[in-house]
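> Here's my sequence, what's the structure:
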Amino acid sequence: MPLSGKELVFSGTMSLKRSDATTLAEGAGASVKSAITSKTEILVAGVGAGQKIKQAQSKGIEVWTEDDFSNAVAASSQGSGARTRKRTAPAPAAKAAAPA
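Below is the predicted model of the structure:
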């Protein structure tokens, strides 16, 4: 699932630092919030997420593992790389020398 345009919340303990996870999410086009709201689309739940998981489930919000998040970031970066890759013009052809 692409992250671009999605609003997500991180909860619980993850292997990534929260600031690093936020940077990755924002780099993939997502918006990161600290609390679940009516606009939240994804909860990335680490160990001990507890109450936020229950809150997300009751509101019909997708609950992802850290692996789900990492896979989405990887897929987003592969997709964006293909669109933003610079194309270079072919080198001009060598001119033939004028006859002497």
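> got any ranges where the chain has weak pLDDT?
79-100 (pLDDT under 70).
> So Met14 sits against Thr65, correct?
No. The criterion here is CB atoms under 8 Å, and Met14 misses it with Thr65 at 9.3 Å. (C-beta placed from N, C-alpha, C; glycine too.)
> overlap in contacts of the two?
Val44 (CB atoms under 8 Å, 6 or more residues apart in numbering).
> These two: which has the busier surroundings?
Met14 (19 against 13; other CB atoms under 10 Å).
> Could I get the contacting residues of that one?
Ala21, Val44, Gly46, Val47, Glu66.
> Ramachandran angles for it?
phi -120, psi 170 (degrees, to the nearest 10).
> Would you mind measuring from the closest residue to Phe10 other than its chain neighbours to Met1?
Distances taken as CB to CB, 6 or more residues apart in numbering put Val44 closest to Phe10, at 4.9 Å, once the chain neighbours are dropped. With distances taken as CB to CB, to the nearest Å, Val44 is found 12 Å from Met1.
> where exactly do the helices run in the chain?
For the chain, the helices defined by DSSP state H occupy 18-27, 51-58, 66-84.
> Any chance of a markdown table for the ones you listed, columns distance to Ser38?
Output for the helices of the chain, formatted as a markdown table (distance: least, CB to CB, whole Å):
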| stretch | distance to Ser38 |
| --- | --- |
| helix 18-27 | 19 |
| helix 51-58 | 12 |
| helix 66-84 | 21 |
